[in-house]
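In: Curious how this folds, go ahead:
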Amino acid sequence: MATSIAVLSGASGASYALQAARREAQQAEQTARALGSQAQSAQRVADQEQARADNLTAQASDANERSATARGKVSAASNADTNANANAISNNAPAVRSVPFVNASGQTTGLLLNAVA
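Out: Numbers count the residues shown, from 1 in each chain. From the prediction side, this is the model:
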């Protein structure tokens with residue numbers, strides 16, 4: 001009788017080990033699926049952020065081009081203003097100067113700029 005109990009207990013132990021191994025395999029499989037899902041989600045977010053970064057890079061490039069165009073216009077306007085002043089001086093035009101600004105009570109409160117002398 002002792003022999004049969006040992007055989008049953010050995011079979012029961014093997015059955016328990018098999019069930020434990022199956023549970024562990026199922027848990028590992030579930031974990032793998034969950035991690036795979038998280039990895040896919042993270043990849044989608046990374047792809048969206050890359051698209052956003054590409055869009056911002058394109059916008060920055062456009063802004064740099066607009067800035068260069070605006071600087072060119074400022075430079076051209078400045079050169080035109082300088083040339084106009086030079087032409088006015090060479091044509092004996094009145095000089096541009098600053099004069100004191102006097103308020104109603106006779107006090108000097110600042111300068112009136114670009115007054116023609």
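In: pull the helix or strand with minimum mean pLDDT from this protein.
Out: Ranked by mean pLDDT, DSSP states H and E, the helix or strand of the chain with the weakest confidence is strand 108-116, at a mean of 60.
In: so where is the protein shaky, pLDDT-wise?
Out: Residue ranges of the chain with pLDDT under 70: 1-11, 84-102, 104, 106, 108, 110-117.
In: got the residue ranges for the helices in it?
Out: With helices called from DSSP state H, the chain shows them at 2-90.
In: distance of Asp62 from Thr31?
Out: According to CB to CB, to the nearest Å, Asp62 and Thr31 sit 47 Å apart. Using the backbone N, CA and C atoms, a C-beta is placed for each residue, glycine as well.
In: same check, this time on Ser37
Out: Applying CB to CB, the value for Ser37 to Thr31 is 11 Å.
In: cool, Ala76 as well?
Out: Distance, Ala76 to Thr31, using CB to CB: 67 Å.
In: And for Gln38?
Out: In this view, Gln38 and Thr31 are 11 Å apart by CB to CB.
In: got it, and Arg52?
Out: Taken as CB to CB, the span from Arg52 to Thr31 is 31 Å.
In: ok, now Thr109?
Out: As judged by CB to CB, Thr109 and Thr31 stand 81 Å apart.
In: Count the residues that sit near Gly13.
Out: Gly13 has 10 neighbours, counted by other CB atoms under 10 Å.
In: Show the contacting residues for it.
Out: Residues near Gly13 by CB atoms under 8 Å, 6 or more residues apart in numbering: none.
In: Just give the number of residues close to Met70.
Out: Let me fix one detail, which is that residue 70 is Ala and not Met. Other residues near Ala70 number 10, with proximity taken as other CB under 10 Å.
In: scratch that, Leu18 is what I was asking about
Out: By the measure other CB under 10 Å, the count of residues near Leu18 is 10.
In: Same question for the one 10 residues further on.
Out: Neighbour count of Ala28, defined by other CB under 10 Å: 10.
In: what's the spacing between it and Ala39?
Out: 16 Å.
In: again with Ala60
Out: As judged by CB to CB, Ala60 and Ala39 stand 31 Å apart.
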